[in-house]
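Asker: here's a sequence, model it:
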Amino acid sequence: MSLNDWIRTTLEERLAPTALSVVDESHQHAGHSGWREGGETHFRLDVVSAAFEGKSRVERHRMVNALLDDAFKRGLHALALRARTPGEAG
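Answerer: Purely as a prediction, here's the structure:
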């Protein structure tokens, strides 16, 4: 399973998002730290989930980073994250 698919599946299973965008932006970082041939090193996520209700921006980011800990172990280098509640997205 690609890292992109693994990230998507993990977030869908654990956060039940109402909206989820997972974009591999690795090509934009070619030659930079953490980049490797084949991509899947730099991702941009936009996650809308009720699981973020009552949580600060930092708490939301920590939640997602904890869920994706194995992705970092598999070569994920950088994550740009937008984490919103359904009320904030609409």
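
Asker: who are the packing partners of the one helix or strand in the chain whose mean pLDDT sits lowest?
Answerer: Lowest on mean pLDDT, DSSP states H and E among the helices and strands of the chain sits helix 69-73, with a mean of 91. Helix 69-73 makes packing contacts with helix 3-15 when contacts are defined by 3 or more Cβ pairs under 8 Å, 6 or more residues apart in numbering; DSSP states H and E. Where you see a C-beta, it was placed from the backbone N, CA and C, and this is true even at glycine.

Asker: in the helix it packs on, what counts as buried?
Answerer: By neighbour count on 16 or more other Cβ atoms under 10 Å, the buried set for helix 3-15 is 3-4, 6-8, 10-11, 15.

Asker: list just the nearest of those residues to Arg57.
Answerer: Nearest to Arg57 among the buried residues of helix 3-15, counting by Cβ to Cβ, is Leu15 at 15.5 Å.
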